[in-house]
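Peer 1: Sequence first, predicted coordinates after that:
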Amino acid sequence: MFVPILKQGDYLIASVQSELSDADLLKLRDDLVSRVGEFRSRGVIVDVTILDVMDSFATRTLRSMAHMIMLRGAKTVIVGIQPEVAFSMVQLGLKLESVATALDLEEGMALLDRQTEGDTRRG
Amino acid sequence: MADENCIPINSEIDIVTARQKGREMAAKLGFSSTELTLIATAISEIARNIVEYAREGEISLSIGQQGDKRGIIVIGCDNGPGIPNIKLAMQDGYSTGKSLGLGLPGAKRLMDEFEIVSEVGKGTKVTMKKWVQNHAR
């Protein structure tokens, strides 16, 4: 399932629209890592509100995605993890570790604004 | 059994199908939304193990009854390489593949009952059960 990636100023917003297979997740990761360069983005928001399962593969892929995006010089925020999903991730022992998270898109944007304050590429 | 659903697992797309079917069946049994997520996640983990290690197998879902308890029974089986050391495979963080090594021990934590039988060269069978809690609804 295709995940649309929107450009919003210095940020990219990937809004997951349906359940994702492993291949979809890997494609999303690769797309974001390359588009960060294409659009010279400072931040990436991945909205996972729709996901009702985040298993070990999804968590690992999001983690590696955030790390790759960081190596490309941008910040990643995962937004919209549902309460049930959060509960299940903790039970399973999954950690997003150094990946930033926020409640929703609005909070995610605010977080990126604070984190990227002052370092604008557009000048 | 009448309420049985067998999903062939041949590729990673089937992992999504298996967990959706599991969620549907569990929803009919009256599990809470948190429990539905736990069940779907556990199914996802064992289905992924099938794809990753055995390449193909199946997940069967059925409704179980034990005394006055009702619940969902998930069986994942394959004719893959088998697990030489189950004790090791059930340890957090142990993985011979490319995963985090949380699949099997994690799935066990998400469910009420978990049993794994494996024979090297023959295959692996994982049986997981979760019972509906009689909380006031």
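Peer 2: Happy to help now that I have it. Residues are numbered from 1 along each chain as shown, chains lettered A, B, ... in the order given.

Peer 1: C-alpha only now, for contacts and for neighbours.
Peer 2: Will do.

Peer 1: quick one: the helices in chain A?
Peer 2: Counting by DSSP state H, chain A has helices at residues A:22-38, A:56-71, A:83-92, A:105-115.

Peer 1: May I have the beta-bridge partners of residue 77?
Peer 2: Defaulting to chain A. Beta-bridge pairing of residue A:77 under DSSP bridges involves residue A:45, residue A:100.

Peer 1: The chain in question should be chain B.
Peer 2: residue B:58, residue B:125.

Peer 1: returning to that earlier point: for residue B:65, find the nearest of the helices of chain A.
Peer 2: When the helices of chain A are compared for distance to residue B:65 using Cα to Cα, the nearest one is helix A:83-92, at 24.7 Å.

Peer 1: For the closest one, list the C-alpha coordinates in PDB.
Peer 2: Taking Å, rounded to 0.1, in the frame of the first residue of the first chain, the C-alpha atoms of helix A:83-92 are listed here in PDB:
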ATOM      1  CA  PRO A  83      -2.700   3.600  23.300                       C
ATOM      2  CA  GLU A  84      -3.300  -0.100  22.600                       C
ATOM      3  CA  VAL A  85      -0.300  -0.200  20.300                       C
ATOM      4  CA  ALA A  86       1.900   1.500  23.000                       C
ATOM      5  CA  PHE A  87       0.700  -1.100  25.500                       C
ATOM      6  CA  SER A  88       1.400  -4.000  23.200                       C
ATOM      7  CA  MET A  89       4.900  -2.600  22.300                       C
ATOM      8  CA  VAL A  90       5.900  -2.400  25.900                       C
ATOM      9  CA  GLN A  91       4.600  -6.000  26.600                       C
ATOM     10  CA  LEU A  92       6.500  -7.200  23.600                       C
END
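
Peer 1: Could you check the angle that helix makes with helix A:56-71?
Peer 2: Orientation check (axes from the mean of the first three to the mean of the last three Cα atoms, to 10 degrees): helix A:83-92 against helix A:56-71 gives 100 degrees.

Peer 1: got the residues of chain A near chain B?
Peer 2: Neighbours of chain B within chain A, by Cα under 8 Å from any Cα of the partner chain: A:19-23, A:52-57, A:60, A:84-85, A:87-88, A:91-94.

Peer 1: Of these, grab the buried ones for ChimeraX.
Peer 2: Those of the residues of chain A next to chain B that count as buried under 16 or more other Cα atoms under 10 Å in any protein chain shown are selected in ChimeraX with:
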select /A:19,20,21,22,52,53,54,55,56,57,60,84,85,87,88,92,93,94
